[in-house]
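[1] 3D, please:
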Amino acid sequence: MPARSLRLQDENPPVCVRKTLNFDPLLTVSWVPPHQEEIPEEEAGRRMSELLWTDGDVKDTETPSSYATAPVEVLLFLIIIIMESSSMLLFILLWTVRRSEVQDLSGKQFTFPSDPKGINQPRVALRANTRLITVMTVCLRFFSQLNRMQGLFSLATRDHSNALMLHKDTEGSYKVHAGDDTYIFTKIPTNRMDWNSVCWTWDSRTGLTQLWLNRLRTSRKLVGQNYLVNGNLSIIVGQEQDAYGSGFDRNDSFEGDITDLHMWDRVVSACDLRSYMNQGSFSPGNLLNWNNLNFDVSGNVSIQDADFEEPVCQ
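    Purely as a prediction, here's the structure:
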């Protein structure tokens, strides 16, 4: 979209100013006198600030007569901008903190830095186009050297903060939640100096759930039979929700890298799960698709090139 410009002209204005207002990236206000060479933007901005602005307000000084001839509509427009600047700046700040977008993240990873004081609460919110889940599979790859509880996948509804949750406890222990039911898978070999590929399946009708980790699988267990995940969903990786979209505890936060996250509204076949583990071909998730992911980043999460390499078969 082309920038919107306002041009104020006068026979003998004191300075030539071309300055982009910070609170609207599409707005340009220019004073361009005839037959006068433009001065550098930095100097023009300084002079403009001295003439018109002090901490966002109009100076309580006499306005130069050269500006008195500006059109009334322009002056009214500037007054409205001044009055609304606070709310506009707040909007831009919130937009910067929560960057919502849809991207193909093939070959990329989310990197979650350490947050020992729990100030930044690094996390990524994921958007799934559904309000009802009765059966599902979620897969992701993670790299972390921490040997403590870490939330890997947290799905909350307004009725239940642990509607569907997968987290890693101490080394070799993984807990899954389906509503009020939980099950802990223990003694599963986990890499601390390499990537881990994990998949979790669950079917509400039968209550059967299973965990896959690095090409190994558990036996099926019973959890959350007849439980329905229903309503607005809040899906977060990097933090564990103790309330809908909030209630984060730094002792549950994830530190490391996550990539290749997918979620399906079915129990994915063992053949496809093995293919995912080996980074072979598989059908992307229809609820969450790493190759077409709708997400919001909060905190100090960064998107980096993934270093998860495809194994070479001999």
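[2] Need the residues that contact stretch 226-237.
    Contacting residues not belonging to stretch 226-237 are listed as 110, 123-128, 130-134, 140, 151-159, 163-164, 178-181, 204-205, 207, 241, 244-245, 254, 258, 261, 288 [CB atoms under 8 Å, 6 or more residues apart in numbering]. C-beta: built from backbone N, CA, C; applies to glycine.
[3] And it, end to end?
    Counting by CA to CA, to the nearest Å, you get 25 Å between the two ends of stretch 226-237.
[4] pLDDT (mean, whole number) over it?
    Throughout stretch 226-237, pLDDT has a mean value of 96.
[5] Name the residues of that stretch that come out as buried.
    For stretch 226-237, burial by neighbour count (16 or more other CB atoms under 10 Å) applies to 227, 229, 233-237.
[6] do the same with stretch 188-208
    188, 190, 195-204, 207-208.
[7] any weak-confidence spans in the stretch 51-200 of the chain?
    Residues of the stretch 51-200 of the chain that meet the criterion pLDDT under 70 lie in 51-100.
[8] how about 50 then?
    Regions of the stretch 51-200 of the chain meeting the criterion pLDDT under 50 cover residues 51-70, 86-98.
[9] now the helices for it?
    72-97 (DSSP state H, counting those that start in this stretch).
[10] can you give me the strands in it?
    Remark: strands assigned in the stretch 51-200 of the chain by DSSP state E, counting those that start in this stretch are 53-54, 57-58, 99-103, 108-112, 123-126, 132-133, 135-143, 150-156, 164-168, 174-178, 181-185, 196-203.
[11] Dump these to JSON lines, plus distance to residue 219.
    JSON lines is the format used below for the strands of the stretch 51-200 of the chain (distance: least, CB to CB, whole Å):
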{"stretch": "strand 53-54", "distance to residue 219": "69"}
{"stretch": "strand 57-58", "distance to residue 219": "69"}
{"stretch": "strand 99-103", "distance to residue 219": "37"}
{"stretch": "strand 108-112", "distance to residue 219": "31"}
{"stretch": "strand 123-126", "distance to residue 219": "29"}
{"stretch": "strand 132-133", "distance to residue 219": "23"}
{"stretch": "strand 135-143", "distance to residue 219": "17"}
{"stretch": "strand 150-156", "distance to residue 219": "21"}
{"stretch": "strand 164-168", "distance to residue 219": "17"}
{"stretch": "strand 174-178", "distance to residue 219": "14"}
{"stretch": "strand 181-185", "distance to residue 219": "10"}
{"stretch": "strand 196-203", "distance to residue 219": "12"}
